[in-house]
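Compute the structure for the input listed below.
(one chain, ligands or ions: 2)
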Amino acid sequence: MSELTHRFDVVIVGSGLAGLSLALSLPKSLKIAVLAKDKLTEASTYYAQGGVAAVLDKADSSALHIQDTLEAGAGLCELSAVTQCVEGGSAAVDFLLEHGVEFTRENGELHLTREGGHSARRIIHHVDATGVSISTRLTRVLKEQSHIQIFERYCAIDVVTDAKLDQGKNAHLDKPARADRSDQVRGLYALNLATDEVVTFSANFVALACGGASKSYLYTSNPDIATGDGMAMAYRAGARVANMEFNQFHPTCLFHTKARSFLLTEALRGEGAHLKLPDGTRFMPNFDARAELAPRDIVARAIDFEIKRLGVRHVWLDISHKDPEFVREHFPMLNARLGELGIDMTREPIPVVPAAHYTCGGVLVDQHSQTDIRGLFAIGETSYTGLHGANRLASNSLLECVVFGKAAAVYIAEQLGRATPSREIPDWDASQVTDPDEEVVILQNWDELRHTMWNYVGIVRSDKRLARALSRIQLLSSEIDEYYQGYRVSKNLIELRNLVCVAEMIVRCALARKESRGLHYSLDYPDLLEIPCATVLSPEDAQVSLQPT
Ligand code: FAD
Ligand code: SIN
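Numbers count the residues shown, from 1 in each chain. Ligands and ions are numbered 1, 2, ... in the order given. Prediction:
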């Protein structure tokens with residue numbers, strides 16, 4: 001075995017809640033690696049504000065949570081995945097509590113807040129910084145585990161499978177050969193960002209828990225790590241992805257020149273905040289009976305409509321009619337952060353715009369989180385489990401990370417005895433590449449891609465805009481491919497290659513959907529089709545098939 005190869009039983013790419021849930025649920029007898037391309041806590045999980053949805057109140061029920069999820073999902077949720085998640089809710093909360101995660105309590109009981117689309121109070125939270133509480137606590141627990149080795153600032157490049165090994169040297173550069181369970185994952189290549197060396201991780205179980213792809217858009221609530229790496233790696237290895245057109249735009253991100261990617265939690269509206277036009281009038285009641293608490297797709301589209309109708313740059317979110325003490329107590333992090341920017345949320349409205357927030361589609365997995373490839377798992381925002389359908393219900397994402405992370409752990413533990421012997425993976429071959437001479441190519445393509453996605457594949461779409469986007473993306477893709485084959489890999493290049501791959505998936509799925517449903521709104525097809533179908537993209541021929549849900 002080469003000295004550049006690390007051998008493990010399970011390799012987990014990602015230290016957000018999905019990766020952490022899997023790592024901390026696997027048997028302690030296993031040798032486990034957890035990779036993160038930045039520091040451990042730099043993940044969407046850390047920035048989560050609202051909380052985790054789970055049925056905990058006596059007045060609430062699983063049937064209601066299932067109904068709310070199905071309704072938000074606009075006919076495209078898989079009932080089995082919804083049931084698995086909702087019924088796994090209380091065990092997921094126990095998992096978090098048992099690992100010492102703190103949540104806000106009132107009179108000793110977990111405090112439940114409310115968000116759009118939920119018919120009951122069912123969101124546990126840690127004031128308005130739930131992700132900080134989850135991420136700091138669980139990464140601390142992770143570091144205490146002697147059977148888990150942490151590889152911080154290692155950027156996974158590509159997954160290695162039997163099919164790729166059979167194709168020969170540098171096969172990871174080729175188009176995928178097939179996508180079925182006769183293929184077995186064998187490990188992955190990753191760039192050590194401290195040494196610039198590419199190392200090999202060998203394992204018969206690999207989990208991609210890399211988060212979402214919202215960085216493919218110009219404006220996003222997500223941290224920089226959200227470049228769709230897991231989706232792109234699985235797809236290049238031959239696994240199918242589904243429903244990639246459903247990118248959720250969060251209705252309320254701060255509009256401010258000095259604050260990038262800053263979210264204003266939906267719990268603000270849950271606790272009574274109003275959306276207002278520049279003249280101070282509320283507009284959501286004109287769009288939906290649930291007003292500010294309508295599902296996100298409806299609220300984001302209404303804001304987009306009003307911004308375009310009035311030719312303004314933002315609308316206002318106003319909670320100043322509530323008792324200032326209540327606001328400070330429930331939203332201390334937002335109050336402090338906005339205060340630094342000169343906005344007093346207890347006295348004045350906050351300027352807001354929608355921004356790309358969550359990738360509802362992803363790598364197609366079964367109830368154990370396994371992809372089309374044996375031993376290759378996708379968990380959390382990277383995956384498509386069928387839970388979110390055409391629009392994710394607020395705070396269902398963190399729940400999904402835990403439920404499906406635990407499901408993967410149970411399945412891997414069951415499969416251990418049946419695992420095939422490991423296979424040697426050749427060292428990364430960099431003999432044909434040179435040092436990059438023009439980093440500006442990466443920057444230029446990155447900007448162009450994200451502008452294209454924002455302008456042509458945003459909240460409101462049309463065939464013409466999508467076709468324009470596809471032709472530009474294909475051009476960028478071939479340019480980036482050529483660059484990738486000729487020059488030494490870097491983190492920026494790996495991410496750009498993944499972003500362009502995911503952008504193409506989003507556009508191909510969007511073009512195949514000839515209707516308006518949930519988060520996908522097309523000017524050319526404003527109506528719903530009778531039979532709800534998922535869009536499934538096969539990497540073999542880049543063709544989208546419509547599969548009834
Ligand atoms: P992440 O938490 O994003 O973690 C991804 C991990 O993968 C990171 O560790 C990253 O370093 C690693 N990674 C990625 N690519 C590579 C690579 N190539 N090599 C190595 N490592 C890699 N959802 C809710 O349910 N409730 C909320 O209140 C909520 N609030 C949110 C607020 C904000 C501002 C945002 C951005 C999202 C929010 N969401 C919320 C969504 C939710 O936070 C995410 O969907 C969820 O945290 C995703 O978890 P994850 O583990 O799948 O991915
Ligand atoms: C929020 O707090 O508004 C985000 C919740 C989510 O994305 O689920």
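
Every contact and neighbour count from this point should use C-alpha atoms.
Noted.

how about the residue nearest to Arg282 when sequence neighbours are not counted, what does it touch?
Spatial nearest neighbour of Arg282, excluding adjacent residues (Cα to Cα, 6 or more residues apart in numbering): Lys276 at 4.4 Å. By Cα atoms under 8 Å, 6 or more residues apart in numbering, the contact list for Lys276 reads Arg282, Phe283, Val315, Trp316, Leu317, Asp318.

which SS class is the fifth one?
Meaning Leu317. Each residue gets one of three states, and Leu317 gets strand by DSSP: H, G, I helix; E, B strand; the rest coil.

burial count for it?
Number of residues near Leu317 (other Cα atoms under 10 Å) recorded here: 26.

how close does it get to ligand 2?
Noted for Leu317: a distance of 13 Å to ligand 2, by Cα to the nearest ligand atom, to the nearest Å.

residues contacting the nearest residue to Arg301 once chain neighbours are set aside?
Distances taken as Cα to Cα, 6+ apart place Ile459 nearest to Arg301, at 6.6 Å, with adjacent residues excluded. Contact analysis of Ile459 by Cα under 8 Å, 6+ apart lists Phe249, Ala300, Arg301, Asp304, Leu519, His520, Tyr521.

got the contact list for the biggest strand by length in the chain?
Ranked by number of residues, the top strand in the chain under DSSP state E is strand 350-359. The contact list for strand 350-359 (Cα under 8 Å, 6+ apart) reads 212-215, 217, 219-222, 244, 246-256, 300, 303-304, 313-318, 343, 381-382.

Going through the residues you listed, which ones are buried?
212-215, 217, 219-222, 244, 246-255, 300, 303-304, 314-318, 343, 381-382 (16 or more other Cα atoms under 10 Å).

rewinding a little: just give me the closest of the contacts of Ile459 to Arg508.
Proximity of those to Arg508 (Cα to Cα) peaks at His520, which lies at 12.7 Å.

List the contacts of that closest one.
Contact analysis of His520 by Cα under 8 Å, 6+ apart lists Glu245, Phe246, Asn247, Ala390, Ile459, Val460, Arg461, Ala510.

before we move on, back to that, and the residue nearest to Arg282, how far from Leu317?
Using Cα to Cα, to the nearest Å, we find Lys276 at a distance of 6 Å from Leu317.

and Glu495, how many neighbours?
24.

meant to ask about Ser119
Neighbourhood size, Ser119 [other Cα under 10 Å]: 14.

pretty sure it is in contact with Ser62, am I right?
No - assessed by Cα atoms under 8 Å, Ser119 is found out of contact with Ser62, at 11.6 Å.

ok, the residue in the stretch 351-500 of the chain positioned nearest to ligand 1 - contacts?
Here the stretch 351-500 of the chain gets closest to ligand 1 at one residue, Ser395, 3.0 Å apart by Cα to the nearest ligand atom. By Cα under 8 Å, 6+ apart, the residues touching Ser395 are Gly50, Gly51, Val52, Ala53, Ile123.

of those residues, list those near ligand 1.
Among those, proximity to ligand 1 is found for Gly50, Gly51, Val52 (Cα under 6 Å from any ligand atom).

near ligand 2, which of these show up?
Near ligand 2, judged by Cα under 6 Å from any ligand atom, the entries from the ones next to ligand 1 among the contacts of Ser395 are Gly50.

Put together TSV for the ones next to ligand 1 among the contacts of Ser395, with pLDDT, secondary structure and neighbour count on each row.
Formatted as TSV, the ones next to ligand 1 among the contacts of Ser395 follow (pLDDT from 0 to 100; DSSP: H, G, I helix; E, B strand; the rest coil; neighbours: other Cα atoms under 10 Å):
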residue	pLDDT	secondary structure	neighbour count
Gly50	91	coil	26
Gly51	97	coil	30
Val52	98	strand	25
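
Nearest to Asp372 among the ones next to ligand 1 among the contacts of Ser395?
Val52 (28.7 Å).

That closest one bridge partners, please.
Note on Val52: beta-bridge partners by DSSP bridges are Ile124.

Identify the residues contacting it.
When contacts are counted by Cα under 8 Å, 6+ apart, Val52 touches Ile123, Ile124, His125, Ser395, Asn396, Ser397, Leu398, Leu399.

Report the separation between the fifth one and Asp318.
So that's Asn396. With Cα to Cα as the criterion, Asn396 and Asp318 are 25 Å apart.

in the stretch 251-400 of the chain, which spans are helices?
Ranges of helices within the stretch 251-400 of the chain are 267-270, 296-310, 324-330, 332-340, 396-415, based on DSSP state H, counting those that start in this stretch.

just the angle between the last one and strand 350-359, please?
By that I understand helix 396-415. Counting by axes from the mean of the first three to the mean of the last three Cα atoms, to 10 degrees, helix 396-415 lies at 20 degrees to strand 350-359.

Figure out how far helix 396-415 is from the centre of its chain.
Between the centre of helix 396-415 and the centre of its chain there are 16 Å (Cα atoms, centre = their mean, to the nearest Å).

list the contacts for the residue nearest the centre of the chain?
Nearest residue to the geometric centre of the chain (Cα atoms, centre = their mean): Gly212, 2.7 Å. Taking Cα under 8 Å, 6+ apart, we find Gly212 in contact with Ala226, Thr227, Gly228, Tyr358, Thr359, Glu381, Thr382.

So which of the residues you listed reach ligand 1?
Glu381, Thr382.

Any chance of a markdown table for the contacts of Ile459, columns pLDDT and distance to ligand 1?
As requested, the contacts of Ile459 are exported to a markdown table (pLDDT from 0 to 100; distance: Cα to the nearest ligand atom, whole Å):
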| residue | pLDDT | distance to ligand 1 |
| --- | --- | --- |
| Phe249 | 95 | 11 |
| Ala300 | 94 | 16 |
| Arg301 | 93 | 19 |
| Asp304 | 92 | 20 |
| Leu519 | 96 | 16 |
| His520 | 97 | 19 |
| Tyr521 | 95 | 22 |
